[in-house]
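**Student:** dropping the sequence and predicted coords here.
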Amino acid sequence: MPAFDLRTPLRAMRGAVRENVALAPYMHLRVGGPVDWFLEPLTEEDAALCVRVCRDSNVPLRVLGGGSNVLCSDHGVRGAVLHLGGHNRMVRDGLRITAGSGVTLASLLRSTKEVGLAGLEKLTGIPAHVGGAVAMNAGTREGETFEYLTSVTVIEPTGELQVLAKTDLQPRYRDGGLGDRIVLHATWELYEDDPNAIFQRFSESLKRRNATQPVSQRSVGCVFKNPPGDAAGRLIEASGCKTLRNGGIEVSGVHANYFVNSSNGTCAQFLELLEEVRRRVQSKFGVYLEPEVKLWGF
Ligand SMILES: Cc1cc2nc3c(=O)[nH]c(=O)nc-3n(C[C@H](O)[C@H](O)[C@H](O)COP(=O)(O)OP(=O)(O)OC[C@H]3O[C@@H](n4cnc5c(N)ncnc54)[C@H](O)[C@@H]3O)c2cc1C
């Protein structure tokens, strides 16, 4: 039972306010304990209300997208989690497409390629929601989320809604530069191309990804950031860690920078494996690997 109440201050909110909700089903890795409050506002104004109420009540608030880059403690997290999965509207206006935070990249890509709008196929295969993709500036070797992005509508930490142009932000490698802002929706300006040509590029990217990453298994994507001038996966493999296992969590035999949950693994097992891999890489190469995955509840 949480020590604080959010149901009363959020009684005017349209949407769901649930208590003590297990986070594992929302995580790509299927690992993690409960959060005190799980908030699913129906509208953007309701989402802003959640931010103001949590700020006024001193309740820590996190935003969850597709859960594909979060590792959540087995003991869960204190405070509230905002989930915008229902914010899944897409609107097309000529070359521009606007998508809500809860739209999956897969459905955004499907919709744009069907109408002959090109550019986003560079993000093929990233299992993100729009909000998480913008927050992380998700990308591949071919391109990043911010490449064709023109604006993002956010909730400021004060609870105000704000429209930011791309030039207001300084996106970096795997960081959209939003700080504590929450993405509500984003707009991209794409270019016209033959849907078959877009589909061709999409299929080639997917084929490459399927051959080099454990896409059908539960993971958090790349566990470590690539150190300057090198690849974490190469260092991990060369340190003899491929297929190293701790309980249900295993270093993937397909790509060594992915740890997969092959049988009811836990967050504790994941972290022990992370430390062991880091120790082995440091002792062999003198490189200290930094996690790319976001840790919740530590
Ligand atoms: C199999 C697999 C392959 C992957 N391949 C790639 C890849 O090729 N390239 C790549 O870049 N990443 C990759 N990833 C990692 C992951 O998909 C990206 O980091 C993605 O951007 C996370 O999006 P998400 O919606 O799942 O966000 P989550 O994992 O839910 O959240 C990630 C972070 O974004 C924040 N966030 C989420 N939604 C919002 C919002 N609305 N507003 C503000 N902040 C928000 C969260 O608070 C958290 O800090 C892969 C992951 C997996 C499991």
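**Tutor:** All right, it came through fine. Numbers count the residues shown, from 1 in each chain.

**Student:** can you list the residues of the stretch 51-200 of the chain near the ligand?
**Tutor:** Remark: the part of the stretch 51-200 of the chain in contact with the ligand comprises 62-70, 84, 101, 126-129, 131-133, 135-136, 138-140, 174, 178, 182-183, using CB under 6 Å from any ligand atom. The way it works is simple: take the backbone N, C-alpha and C, and place the C-beta from them, glycine included.

**Student:** let's see which of those end up in strands.
**Tutor:** Applying DSSP state E to those, the entries found in strands are R62, V63, L64, V70, G139, T140, I182, V183.

**Student:** give the buried subset of these as a PyMOL selection command.
**Tutor:** Per 16 or more other CB atoms under 10 Å, the buried members of those correspond to this PyMOL selection:
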select buried, resi 62+63+64+70+139+182+183
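
**Student:** the ones in strands among the residues of the stretch 51-200 of the chain next to the ligand: which two are farthest apart?
**Tutor:** Spatially, the most separated pair among those is R62 and T140, at 25.9 Å (CB to CB).

**Student:** show me what contacts the residue in the stretch 151-298 of the chain positioned nearest to the ligand?
**Tutor:** Minimum separation of the stretch 151-298 of the chain from the ligand (CB to the nearest ligand atom) falls at G221, amounting to 2.5 Å. Residues in contact with G221 (CB atoms under 8 Å, 6 or more residues apart in numbering) are H28, S68, N69, P127, Y258, E292, V293.

**Student:** just Y26 next, same as before
**Tutor:** By CB under 8 Å, 6+ apart, Y26 lies in contact with G32, L64, G67, H83.

**Student:** circling back: just the buried residues of the residues of the stretch 51-200 of the chain next to the ligand.
**Tutor:** Buried subset of those (neighbour count, 16+ other CB under 10 Å): 62-70, 84, 101, 126-129, 131-133, 135-136, 138-139, 174, 178, 182-183.

**Student:** can you give me the helices in this protein?
**Tutor:** In the chain, the helices defined using DSSP state H lie at 44-56, 105-114, 130-136, 195-212, 232-238, 267-285.

**Student:** which stretches of this protein aren't confidently modelled?
**Tutor:** Low-confidence regions of the chain, defined by pLDDT under 70, span residues 1.

**Student:** rewinding a little: among the contacts of G221, which pair sits farthest apart?
**Tutor:** Maximum pairwise distance in those, criterion CB to CB, is 14.6 Å, between P127 and E292.

**Student:** could you list the domains of the chain?
**Tutor:** The chain resolves into domains spanning 15-83, 90-212, 232-296 when parsed by automatic domain parsing.

**Student:** just those: most buried one?
**Tutor:** domain 15-83 (a mean of 20; mean count of other CB atoms under 10 Å).

**Student:** so what's the gap between that one and the chain middle?
**Tutor:** Relative to the chain's own centre, domain 15-83 is displaced by 14 Å; criterion: CA atoms, centre = their mean, to the nearest Å.
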